[in-house]
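*Asks:* predicted model, plus sequence, below.
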Amino acid sequence: MTGSDMGPAECGPMAVSIGINITDVQMNTATYFSLPQTNIWVCRDDKGVYAMDAECTHLGCPAKPHALSDPDPSLDPMIGTPVSGLSSGFKCNCHGATYDPNGQNPTAPAPAPLNHYLVCTTLSGIIYVDPGQVVDPSIRYHV
Ligand code: FES
């Protein structure tokens, strides 16, 4: 998988619409969504849009943007509400693991980075995320 501007045909049967348009994802934000299979962040950095697992690889608590002033580890983030400050990275408040803005370079006790998933859109730009297709963390959907 090397491309990034994938049409809906590239997404598989597990793909789920998150109900927003790709052009509505603002720079340096992370927005939380709950899929049937997992919870994700949809993010946009200066290279484009990506979808990343929101469940900490230690024991599955939500990994939240540092910028989110929500220290309660038991609370899930607000679904569909963009959090600005993506560039400060993510933290899991259960046991203190951190990740960079791309979900990489986990600190203890997280054993692994956060998975990235394939992002597709309809012709009109509605985002689908396919949690059945893990992609390289460098892949972006170019907006
Ligand atoms: S569940 Fe995230 S650090 Fe333990």
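*Replies:* Yep, it's here.

*Asks:* contact residues of this protein facing the ligand?
*Replies:* Within the chain, the positions adjacent to the ligand are C56, H58, L59, C61, C92, C94, H95, G96, A97, P109, A110 by Cβ under 6 Å from any ligand atom. Bear in mind the C-beta positions are built from the backbone N, C-alpha and C, glycine included.

*Asks:* now for those residues: which two are most distant?
*Replies:* L59 and G96 (12.0 Å; Cβ to Cβ).

*Asks:* for I18, give me phi and psi.
*Replies:* When read as degrees, to the nearest 10, the backbone of I18 gives phi -100, psi 0.

*Asks:* with adjacent residues omitted, what lies nearest to it?
*Replies:* Nearest residue to I18, sequence neighbours excluded (Cβ to Cβ, 6 or more residues apart in numbering): F33, at 4.8 Å.

*Asks:* remind me which residues of the chain are low pLDDT?
*Replies:* Applying pLDDT under 70 to the chain picks out residues 1-9, 70-71.

*Asks:* which strand is the longest one in it?
*Replies:* Ranked by residue count and defined by DSSP state E, the top strand of the chain is strand 126-135.

*Asks:* what residues sit buried inside that strand?
*Replies:* I126, I127, Y128, V129, D130, P131, Q133, V135 (16 or more other Cβ atoms under 10 Å).

*Asks:* just the strands in the protein please.
*Replies:* 16-21, 29-34, 39-45, 48-53, 63-65, 83-84, 90-92, 98-99, 116-121, 126-135.

*Asks:* contacts for the last one?
*Replies:* Under the contact criterion Cβ atoms under 8 Å, 6 or more residues apart in numbering, strand 126-135 has outside partners 1, 8, 11-22, 25, 33, 35, 37-38, 40, 42, 49, 51, 115-122.
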